[in-house]
Structures are given as C-alpha cells and as structure tokens.
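Chemist: The sequence isn't on hand, but the structure is:
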C-alpha cells in the first residue's frame, strides 16, 4: 500500500452525520454505565445474588467498551483535523484549546456534581465518598493531570478524559511534524506510533496514565478514516488487511482482550463507513432508530460524565431505605440507567455545548490573536 495515497487520494466528503458512528458511541456509553452499576454500590450486590454471571460479565467485559470510544475518537479526530485531505487543519494552540474546552469544563462540572452526591450518600455509603478533597486535587483534575500527578480520581472515568486530551494532543503533534514534509509522512508517523503502542507501550501497565499506552487503539481509528478516503477499493482492502495483520501480530506477542475489542471495532467501523460512502447509510430505512442513535451518540460524553452521580444517588436511596433483594435491585439498576440518560440531556445542553462554543481567539488580546490564526 502506498501511504501517500491515503492522504492524497480523497474520496467525496461524507455527510456530517454518521449514524453508524452515533450507534457505536451510544452502545459503548450504555455499556460503561452498566459496568459502573455492576462495580459500585449495594445494588450490584443485590442483583449478583440472583444473576452472578451477568454482574461478573458486566464488571469484567463491559468496561472494554472504552476501546470503542478510543477507536471512534481517533476516527473523528482524523476526520476533523484532515477534513479535506490536508495534513493538519487549523492552528495548533487553537486546536488544543478547543479540545480542552470540549473536555475539561464539563468534566469539572461532573466532578463537582459527584462530590455533592457523594456527600449526600456518605452516611450510608462511606466507601463511595472521598475522605477529603484538597485544592491541589481539584486543580489537577481541572488541568487533566490527576493521574500523572498521582492524585486519587474524584469520579469514575476521570482517567479517560485526561487520556483523551493527551491522545488528541499527540495526534496533533504528529500531524504538525508531518506538515513540514510530504503528506505521506503523516501516515507513517501515526502508523509507527500505533505499532509502538500495540507492541511495546500497551504491554506496560505502569504507563496507563499516558497517551502512548492507548495510542494503538486510537491510531486504528485514525488510519481507518484515512483509508476510507481512498478511491481505490483494492488499496482500501490492502490497508485494512495490513491493519488486521498488525493487530493479530500484536495479539500473538501478548494476548489482550482490550486490543481484540479495538481491532474488531476498527474493522466494523471501516465496513460501515465504506457502506455509508457508497450510499448505504446505516439504519437509513429506520428513521426513529437513526434519530435515537443520533441523540444518544451526541450525548454520549455527557452520559459518560453524569451517570456516576445518578448511580450514587440511586444506590444511596437503596441503602437509606434498607431495601434488599434481587428484584428491587434489578428495578433500581434499570432506573439508574434510565435516569442517567435523562440527566445527560440537560447536562449536554447547558454544560457541554456552551463550553464547546468558547474560542481561544475571543479570550486573547488582539495582539496575540495572530499567533493562533
């Protein structure tokens, strides 16, 4: 496969809405909520008495849905940064600032909401409430450096938000380096970084607070996006075969279930994206399903952030009322899942969206705006 073709031979740009991507994000977000419901609180213990295998499966495997987010995140980042076939679309400071605003303000709102809810349930669930919270701990969360600085996370999934920013910054850095050379160098740099992650860094658990540990999964999404832009069908197939072979070799070196999920997600995404470009839109004949996937996919980050405070409150209610039994546990687990989705609606509208509309150029003096243009 000629790597130059991946950026140079662009297919017709797809529509902005990608129902198959929405569906992947929506399903992954629901699985993350179920994983945390199975991992924390007395409701999980109550349900486990009747359905131990289900709780065990959700605890062990549902968390791997994060690999879907990693692959899709790489895909969407490549789509945004290289929209018309160029190596990097936009100035680096502005891109990083916009990504930070996309992630951090909503994340900090969720952290504060979690602290409030954990204080409410602390009399009944002290193990789910932090013993103390320092200003430095809050600041490290606001800067997305809590894991790097060794501070205890104040909400579940905090690690992912920090790593997501690191991965985006790493991709932007690679594309910035490639912009000074041929466009093919972007593909080679991302491919090399992805291979390094899959074969080396992802096998080092002590690096799980850093982007290189996860970049293998992220790079699969990036490369699938670039491959989807090729006009030549056989080049696309050759590229996908190369990616599949790379994943299989990495698994042969050390089998990791998370990499299996990432590899399968990348292949599914590649197939669905190609069908989309060919006019066979996912769920095209099911308008309501498409609309539902769009809403859930759009709010997946808000759901990821806001579900844990909701789960805390429902578990606190279960404990405060002295409830017990698998039946009531299952009912409240379903209630927590439903309420989490409901809570994601105002959170997305009033927290996530406004933060994402802030621009760096509007916050800088006129004399500095040219630096980020």
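Modeler: Yep, that arrived. What you are looking at is a predicted structure, and each value in this text was computed from that prediction instead of being measured.
Chemist: ok, residue 49 to residue 336 distance?
Modeler: Between residue 49 and residue 336 the distance, using C-beta to C-beta, to the nearest Å, works out to 18 Å. Using the backbone N, CA and C atoms, a C-beta is placed for each residue, glycine as well.
Chemist: more neighbours, the two?
Modeler: Higher neighbour count among residue 49 and residue 336: residue 336, with 26 against 12, using other C-beta atoms under 10 Å.
Chemist: which residues sit in contact with residue 321?
Modeler: Residue 321 makes no contacts at all, as judged by C-beta atoms under 8 Å, 6 or more residues apart in numbering.
Chemist: From residue 124, how far off is it?
Modeler: 9 Å.
Chemist: swap in residue 263?
Modeler: Taking C-beta to C-beta as the measure, residue 263 falls 43 Å from residue 124.
Chemist: More neighbours: which of the two?
Modeler: residue 263 (23 against 17).
Chemist: secondary structure element for the more buried one?
Modeler: Assessed by DSSP states H and E, residue 263 sits inside helix 257-277.
Chemist: what helices or strands is that helix leaning on?
Modeler: helix 19-39, helix 66-81, helix 211-228, helix 233-253 (3 or more C-beta pairs under 8 Å, 6 or more residues apart in numbering; DSSP states H and E).
Chemist: what ranges do the helices span in the stretch 51-200 of the chain?
Modeler: Under the criterion DSSP state H, counting those that start in this stretch, the stretch 51-200 of the chain contains helices at 52-61, 66-81, 92-121, 135-142, 158-178, 184-199.
Chemist: Present those helices as CSV; the columns should include mean pLDDT, distance to residue 358 and mean neighbour count.
Modeler: Below are these laid out as CSV (pLDDT from 0 to 100; distance: least, C-beta to C-beta, whole Å; neighbours: other C-beta atoms under 10 Å):
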stretch, mean pLDDT, distance to residue 358, mean neighbour count
helix 52-61, 96, 37, 15
helix 66-81, 95, 17, 24
helix 92-121, 95, 5, 19
helix 135-142, 95, 15, 16
helix 158-178, 95, 16, 21
helix 184-199, 93, 28, 20
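Chemist: Tabulate these (JSON lines), appending distance to residue 26.
Modeler: Formatted as JSON lines, the helices of the stretch 51-200 of the chain follow (distance: least, C-beta to C-beta, whole Å):
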{"stretch": "helix 52-61", "distance to residue 26": "17"}
{"stretch": "helix 66-81", "distance to residue 26": "10"}
{"stretch": "helix 92-121", "distance to residue 26": "18"}
{"stretch": "helix 135-142", "distance to residue 26": "26"}
{"stretch": "helix 158-178", "distance to residue 26": "17"}
{"stretch": "helix 184-199", "distance to residue 26": "26"}
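Chemist: among the ones you listed, which is nearest residue 310?
Modeler: helix 92-121 (7.9 Å; C-beta to C-beta).
Chemist: And the closest one, how far out from the chain middle?
Modeler: 14 Å (C-alpha atoms, centre = their mean, to the nearest Å).
Chemist: what angle separates it from helix 135-142?
Modeler: Going by axes from the mean of the first three to the mean of the last three C-alpha atoms, to 10 degrees, helix 92-121 is angled at 130 degrees with respect to helix 135-142.
Chemist: and the angle from helix 92-121 to helix 158-178?
Modeler: Going by the same axes, to 10 degrees, helix 92-121 makes 180 degrees with helix 158-178.
Chemist: so what does helix 92-121 touch, helix or strand wise?
Modeler: For helix 92-121, the elements it packs on are helix 135-142, helix 158-178, helix 300-320, helix 326-347, helix 353-356, judged by 3+ C-beta pairs under 8 Å, 6+ apart.
Chemist: Residue 22: which of the helices of the stretch 51-200 of the chain is closest?
Modeler: Closest to residue 22 of those, according to C-beta to C-beta: helix 66-81, at 9.7 Å.
Chemist: gap between the closest one and the chain center?
Modeler: 7 Å.
Chemist: ok, and what's touching it?
Modeler: Here helix 66-81 makes contact (C-beta under 8 Å, 6+ apart) with 21, 24-25, 27-28, 32, 88-90, 95, 160, 164, 167-168, 171-172, 175, 214, 217-222, 224-226, 258-259, 261-262, 265-266, 269, 273, 300.
Chemist: again, but for stretch 141-149
Modeler: With C-beta under 8 Å, 6+ apart as the test, stretch 141-149 has contacts from 100, 103-104, 107-108, 111, 137, 140, 151-154, 158-159, 161-162, 165-166, 209-210.
Chemist: what do you get for stretch 329-337?
Modeler: Contacts of stretch 329-337 (C-beta under 8 Å, 6+ apart): 30, 33-34, 37, 43-47, 50-51, 307, 310-311, 314-315, 317-318, 323.
Chemist: can you check stretch 22-40 too?
Modeler: 43-44, 47, 54-55, 58-59, 62-63, 65-66, 68-69, 72, 128, 156-157, 265, 268-269, 282-283, 292-294, 296-298, 300, 303-304, 307-308, 311, 315, 333, 336-337, 340.
Chemist: Sort out which of these are buried, if you could.
Modeler: With burial judged by 16 or more other C-beta atoms under 10 Å, the buried subset of those is 43-44, 47, 55, 58-59, 62-63, 65-66, 68-69, 72, 128, 156-157, 265, 269, 282-283, 293-294, 296-298, 300, 303-304, 307-308, 311, 315, 333, 336-337, 340.
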